[in-house]
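Q: okay, sequence plus prediction incoming.
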Amino acid sequence: MGHSSVYGLIRGRVDCIPATVDAVDIYEVSYVKSLQQRVAELEARFESQNPEVTPTFIVEGEQQQSSYFIGDDLQPMDPMHWQCSFYPPTNQPPRPRDVFEQPFLDSSGIDLLAAHNSADVIGPLEDSIPPHDQDCFGLDPAIQTLHKNVQTLQQLSISNLDAARFLHTYFDLIHPRYPFLDVDECGNAYLYYKGMLVVTDEMQVSWYSFLLTLLCAIGSTISHSTNSSRLSKQHGLLLARVQDERGVISNHHASPLVRLKAMLLHVILALHGENTSRLVHLSGVTMRFATLHGFHRLTASEPSEENNAKTKAWSCIYALDRMISGTLRIPVCIAESFITSPCYLDCSPYLCSMPWLSDYPSHGSVDQVLLEKTFTHMLRIRTIQSKVMCTAPTLTLDEAELFIANMEEEINEWSDHSQIFTHIDPENVGYLSSFWLQYMACVGRVVLYSSFGEKDYEMPRAARLLKACCDTCTAFRTVQKGKQLVRSWIDMVFDFQAGITILYLKWRGSDLGLRQDIDRGIRSCTSTLAILAEGAPNVEVFRDCFDALATFVGRSDSDDDLSGDASEDLRIYCRKVIALGVAPYIATMLLEMSNAA
């Protein structure tokens with residue numbers, strides 16, 4: 001219909017009835033066809049493996065889940081089988097898909113979230129992984145069956161001891177770094193779960209249920225062991241329950257602060273998964289939600305509980321966004337020039353109640369004094385990284401040297417011993433230790449030196465980058481030896497990228513007089529990836545890729561070429577790592593080295 005026809009209808013006051021758009025019409029034809037082809041392949045494969053069972057797959061125009069019978073004995077389930085996206089409650093009528101339900105598509109129209117969440121994302125070594133060959137279905141069929149049957153958290157039969165252990169894990173390892181939750185509120189949620197607190201408000205009940213489910217799921221993910229079939233089954237059931245706890249985020253009657261906290265919990269869960277695309281997607285959507293509701297424009301008004309809570313929540317998503325952007329070298333969601341909200345600076349101790357400790361042996365009183373001074377110090381290094389990422393692309397070569405010198409001074413001041421021990425307790429370990437803060441200073445230097453796209457790797461800047469990468473790998477291994485770190489996907493990716501930079505500069509003949517540092521950095525990265533890969537299929541790909549590249553670079557020094565099979569394996573590993581998600585400049589290094597093998 002042309003513009004004149006539309007104008008005529010408007011003048012004549014004729015009602016225009018919008019055309020009905022089918023759900024699949026929002027996708028490209030090639031994408032829909034690839035899904036249909038994939039469904040056919042899955043049906044054929046399933047029928048060949050299970051001739052006595054008739055599968056029920058999703059058919060066009062129907063909203064149903066795969067529900068064929070798998071068996072009574074549940075196998076240990078991997079978190080990678082799950083999508084923890086934000087969806088509307090199942091008891092609500094269908095509505096238009098909102099931003100949380102849209103597929104995360106790459107330029108070819110492939111659903112990256114579904115593809116990377118698939119259990120088949122890695123595949124056997126001989127398989128390359130172009131996007132259209134990956135499984136585009138999110139949930140494992142066995143888990144989908146569980147997902148349909150899980151109704152309430154109580155039905156998961158989680159003991160008080162297990163629930164207390166999960167909450168203790170979260171508040172011991174996660175909350176000190178991202179303190180956006182109200183601890184007393186979480187305590188009330190735990191008391192409600194145990195039946196020791198009466199709550200009549202329906203929205204409060206929904207929020208408490210959401211809190212307990214996500215906290216237990218995160219705690220279970222961190223402490224998950226594949227050696228126990230009971231814990232593996234329980235972990236799978238918890239993740240299934242996460243799928244049902246989706247009403248808080250889509251509930252427009254809930255306050256923006258509550259919804260932002262709910263989204264942040266999903267980001268934290270993704271942070272400890274094995275999926276780069278999912279983490280980027282969820283953190284980006286959460287950051288957009290925060291800016292939509294003005295969290296980046298908070299004013300330094302009179303202190304109040306609500307203002308402090310908003311500032312904390314904003315500071316946490318800000319820190320997460322800068323961490324992810326600095327690692328993957330993607331633009332930050334909102335530039336510094338648009339942000340006027342103050343960072344959280346309250347370092348005063350406060351008393352809170354953790355009633356779950358009463359069910360967790362040998363952990364003393366339920367009343368605990370918390371300090372957040374380490375969190376406030378970490379915010380400063382994230383601000384420095386943000387300044388680097390936002391400013392570096394605009395500088396000329398001459399301006400860059402002065403900028404680097406200024407940023408080096410800020411990082412050195414931040415990591416000075418007097419500053420560090422002002423913001424930590426000497427007895428602290430893990431993420432609250434001086435070793436971790438020194439590691440973060442190394443991370444800041446890597447972000448700084450790698451932000452200018454220098455192509456001449458003989459320049460002094462390359463020497464500084466090489467030294468920073470060696471120090472980063474060594475520092476991370478030092479903290480890891482204390483066994484106080486959890487497996488964080490983004491930390492693993494950053495350490496891998498630092499190791500790849502070391503290998504690449506060594507391969508280019510740019511050891512720059514740092515041979516001992518290089519050898520120590522490579523050994524540290526190798527050990528780190530070997531430990532992190534235990535029970536983590538996608539991390540195994542990064543480990544195998546690094547080991548293969550280290551072998552290739554080591555042989556390059558003696559002109560000892562790899563065999564044909566080893567070269568092909570190396571190229572496959574590099575393609576898989578790139579598909580799983582690394583920074584573009586690291587992908588370039590991987591391709592250059594693998595093509596030369």
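A: Arrived safely.
Q: now do the contacts for the residue nearest the centre of the chain.
A: Centrality entry for the chain: nearest residue to the mean C-alpha point is L271, 2.9 Å, by CA atoms, centre = their mean. By CB atoms under 8 Å, 6 or more residues apart in numbering, the residues touching L271 are 279, 320, 488-490. For the C-beta atoms, the positions are set from N, CA and C on the backbone; glycine is no exception.
Q: please report the distance of L265 from A536.
A: From L265 across to A536, the span is 21 Å (CB to CB, to the nearest Å).
Q: and the one helix or strand H281 maps to, which residues are buried?
A: In the assignment (DSSP states H and E), H281 maps to helix 276-292. Using 16 or more other CB atoms under 10 Å as the test for burial, helix 276-292 gives 276-287, 289-291.
Q: which of those lies closest to M593?
A: Closest approach between the buried residues of helix 276-292 and M593, by CB to CB: T276, at 20.5 Å.
Q: can you verify my assumption that that closest one contacts F494?
A: No: with contacts counted by CB atoms under 8 Å, T276 stays clear of F494, the gap being 11.5 Å.
Q: for Q484, grab the count of nearby residues.
A: 17 (other CB atoms under 10 Å).
Q: give the contact list for it.
A: Taking CB under 8 Å, 6+ apart, one finds 429-431, 433 in contact with Q484.
Q: got a ChimeraX select line for the buried ones in those?
A: Of the contacts of Q484, the buried ones can be selected in ChimeraX as follows, counting by 16+ other CB under 10 Å:
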select :430,431,433
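Q: scan the protein for its longest helix.
A: helix 305-328 (DSSP state H).
Q: next SSE downstream of it?
A: Taking DSSP H and E, what comes next after helix 305-328 is strand 350-353.
Q: gap between that following strand and the chain center?
A: 29 Å (CA atoms, centre = their mean, to the nearest Å).
Q: in its sheet, what does that strand sit against?
A: Here strand 350-353 is paired, per DSSP bridges, with strand 367-370 (antiparallel).
Q: got a list of contacts for the strand it pairs with?
A: Under CB under 8 Å, 6+ apart, the answer for strand 367-370 is 176, 179, 183, 349-354, 357.
Q: what do you get if the cut-off is 6 Å, keeping everything else the same?
A: 349-354 (CB atoms under 6 Å, 6 or more residues apart in numbering).
Q: any quick ChimeraX command for the buried ones out of these?
A: In ChimeraX syntax, the buried subset of these is picked out as below (16+ other CB under 10 Å):
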select :352,353,354
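Q: of the contacts of strand 367-370, which is the nearest to A400?
A: Once CB to CB is applied, the member of those that ends up nearest A400 is P349, at 42.1 Å.
Q: residues in contact with that closest one?
A: Per CB under 6 Å, 6+ apart, neighbours of P349: 369, 371.
Q: quick check: the gap between it and L371.
A: 5 Å.
Q: what does A475 give?
A: 24 Å.
Q: same thing with C545?
A: 40 Å.
Q: give me the more crowded residue out of these two.
A: Each of C545 and L371 has its neighbours counted (other CB under 10 Å); C545 has more, 26 against 18.
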